[in-house]
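A.B. asks: Below is the sequence, then the predicted model.
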Amino acid sequence: MSPTTAGSSQSARSCAEARAALVRYGRRLVADDLVVSAFCVAVGTICDEIPAVHYSVLRLGGPTVRVAPYTTFGSDGLAANVAAALEDRSAALLQNHGAVAYGTTLQEAYDRVQLLEWLAEVYWRARLAGTPRILSAAELDAHREQARRHRYRGGGA
């Protein structure tokens, strides 16, 4: 087998593995009710951001999750709004659309969209009950420092 043939064979195998992973995660999205994304859609219609109702928001890149303003799906305007909402973040809500998240792997992107859905639900439920207590910048900084000190990767450090 020539080096060119070996490279083509490896490339085809990589494509097949990527396709299989996309199918697996697509099925997980459906099974975990993340396709409908009801809490993300609902929260995206009532606010401009999800504030720091829990320190895990830091795992998405900052002290809030931004909401990209509504624009017709598939439009350049929506793409620009999403890009702005994702600046320095790894997830955002799309007003009256749903949610978007990305990662360096499919697993990381999936974990982030699950976290976003959870944060949206926590915020929504807290608003139903009253006025949510939002973590301050100092409290989030203390969390970052504690996570750094203990090398805790689950909390957004």
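C.D. replies: Yes, it's here. Numbering: from 1, shown residues only.

A.B. asks: ok, residues contacting stretch 106-125?
C.D. replies: Applying C-beta atoms under 8 Å, 6 or more residues apart in numbering, the contact partners of stretch 106-125 are 21-22, 25, 28-29, 32, 34, 37, 39-40, 42-44, 47, 50-51, 53-54, 56-57, 59-60, 65, 90-91, 93, 99-103, 132. Using the backbone N, CA and C atoms, a C-beta is placed for each residue, glycine as well.

A.B. asks: That should have said stretch 77-86, apologies.
C.D. replies: 66-69, 71-72, 92-94, 97, 100, 102.

A.B. asks: hang on, the earlier thing: buried subset of the contacts of stretch 106-125?
C.D. replies: 25, 29, 34, 37, 39-40, 43-44, 47, 50-51, 53-54, 56-57, 59-60, 65, 90-91, 93, 99-101, 132 (16 or more other C-beta atoms under 10 Å).

A.B. asks: Return the member of the contacts of stretch 77-86 nearest to Ser14.
C.D. replies: Ser14 has its nearest neighbour among those in Tyr102, at 19.8 Å by C-beta to C-beta.

A.B. asks: ok, back up a step: pLDDT check: weakest of the contacts of stretch 77-86?
C.D. replies: On pLDDT alone, His97 ranks lowest of these, at 92.
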